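Provided below for reference: sequence and predicted model.
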Amino acid sequence: MNYAYRFSLLLLGSVSLTSCIQEETPAPTHLASVQNVIYLQSIVTKTENAVTKFNNLIKQGNVIVDFYADWCGPCKGMSSVINQLAPQFPNVTFLKVNTDMFPELSSSIRSIPTIIFYKNGQQVHRQSGALTALQMSSLIRKYF
């Protein structure tokens, strides 16, 4: 055998293909263990218009919308932060919008995660990138 062929076999034999397999993620509705975290896809039926439901939800007091995707690592970190903070802020509704499922709602989103704060339907803050629990709680106190 020539050297290049043996090297290729050795190299391929040491590569683990398990990292290429996409793991199944649990349904998002199982991730939220608190009442004020809402996944849009869990409340929009096929006959409802997601845009209308979204607009109605953001008009109801203090709402933080988390634009995320299931495949996004930093988004998963933000979900943990939101689930940690939600019980501490019962006056805030956390609305999670999957950008892959609702492209009509996320057309202005350029990077994920993106968090948008609404107070009675008016956008008061927008932040792209993952936040720590301390950063997020500081923003919640500032705007709500």
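Looks like it arrived, so ask away.

next, the residue nearest the centre of the chain: phi, psi?
Computing the C-alpha centroid of the chain and ranking residues by CA atoms, centre = their mean puts residue 68 first, at 2.9 Å. The phi and psi values for residue 68, taken as degrees, to the nearest 10, are phi -140, psi 170.

so it bridges to which residues?
Note on residue 68: beta-bridge partners by DSSP bridges are residue 98.

contacting residues for the nearest residue to residue 88 once chain neighbours are set aside?
Distances taken as CB to CB, 6 or more residues apart in numbering place residue 137 nearest to residue 88, at 7.1 Å, with adjacent residues excluded. C-beta: built from backbone N, CA, C; applies to glycine. Residues in contact with residue 137 (CB atoms under 8 Å, 6 or more residues apart in numbering) are 85, 88-89.

same question, residue 128
Residue 128 touches 110-115, counting by CB under 8 Å, 6+ apart.

same deal with residue 127?
By CB under 8 Å, 6+ apart, residue 127 lies in contact with 114-116, 139.

before we move on, what about residue 101?
Taking CB under 8 Å, 6+ apart as the criterion, residue 101 is in contact with 40-41.

which SS state does it fall under?
Judged by DSSP: H, G, I helix; E, B strand; the rest coil, the three-state class of residue 101 is coil.

from residue 44, how far out is it?
Using CB to CB, to the nearest Å, residue 101 is found at 9 Å from residue 44.

in the chain, which ranges drop under the pLDDT threshold?
Counting by pLDDT under 70, the chain shows low-confidence ranges at 1-33, 45-48.

repeat that with 50
Under the criterion pLDDT under 50, the flagged ranges of the chain are 1, 3-32.
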